[in-house]
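Visitor: heads up, no residue letters with this:
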């Protein structure tokens, strides 16, 4: 039962992160169907919006960095099964993004605008390349291990997870962290 529960929890965490990533893409794209996006959220004066948004982005960055530390991983695996450590990390990332989406303060005035259709097309192409870079990069290094499913699957099957050997495929040959590069290209 414990193994099946771990697998179910890992799947739920993966789903939560997947939904938050899809929302993140729409959020940055300014998708009008979403309740919040970069240009739609809690109205506030410029200074307050800047401070709140920086704090929200920092919340995600701090969560991401602290939970990636080996000391934190050792501590959390005393409270949860080790095969769920990565899944919980992904869930915490999804929750941090959810807080950012919910509390986002759009800037009250336009900072920059590209009216030229060619310029707009170039920006959308760069955006699509950023999304593609993020998505492809996760598969290059083992998507299922990155998001905790491989660990839970191995545990469910009663096997040890074979340690991933360090590799530098495609984007990783040129950039240490192409996922961050791809996110940078999203906006």
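Guide: Okay, I see it. Computed from a predicted model, the values in this text were never measured in an experiment. Numbers count the residues shown, from 1 in each chain.
Visitor: Please give me every residue in contact with the most centrally placed residue in the chain.
Guide: Taking Cα atoms, centre = their mean, the centroid of the chain lies closest to residue 21, which sits 5.6 Å from it. Taking Cβ atoms under 8 Å, 6 or more residues apart in numbering, we find residue 21 in contact with 97, 134. Glycine gets a C-beta too; all of them are placed from N, C-alpha and C.
Visitor: Okay, helices next: where are they in this protein?
Guide: Remark: helices assigned in the chain by DSSP state H are 2-29, 46-68, 70-76, 85-103, 117-140, 143-146, 149-156, 178-186.
Visitor: worst average pLDDT in the ones you listed?
Guide: Comparing mean pLDDT across the helices of the chain, the weakest is helix 178-186, with a mean of 76.
Visitor: which of the residues in stretch 133-145 are buried?
Guide: Within stretch 133-145, the residues that count as buried by 16 or more other Cβ atoms under 10 Å are 133-134, 136-138, 140-141, 144-145.
Visitor: Nearest to residue 33, out of those residues: which one, please.
Guide: residue 134 (21.2 Å; Cβ to Cβ).
Visitor: Now do the same contact list for the closest one.
Guide: 21, 178-179, 182-183, 186.
Visitor: picking that back up, next, format the helices of the chain as a markdown table and append distance to residue 111.
Guide: Below are the helices of the chain laid out as a markdown table (distance: least, Cβ to Cβ, whole Å):
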| stretch | distance to residue 111 |
| --- | --- |
| helix 2-29 | 15 |
| helix 46-68 | 10 |
| helix 70-76 | 36 |
| helix 85-103 | 18 |
| helix 117-140 | 14 |
| helix 143-146 | 33 |
| helix 149-156 | 39 |
| helix 178-186 | 16 |
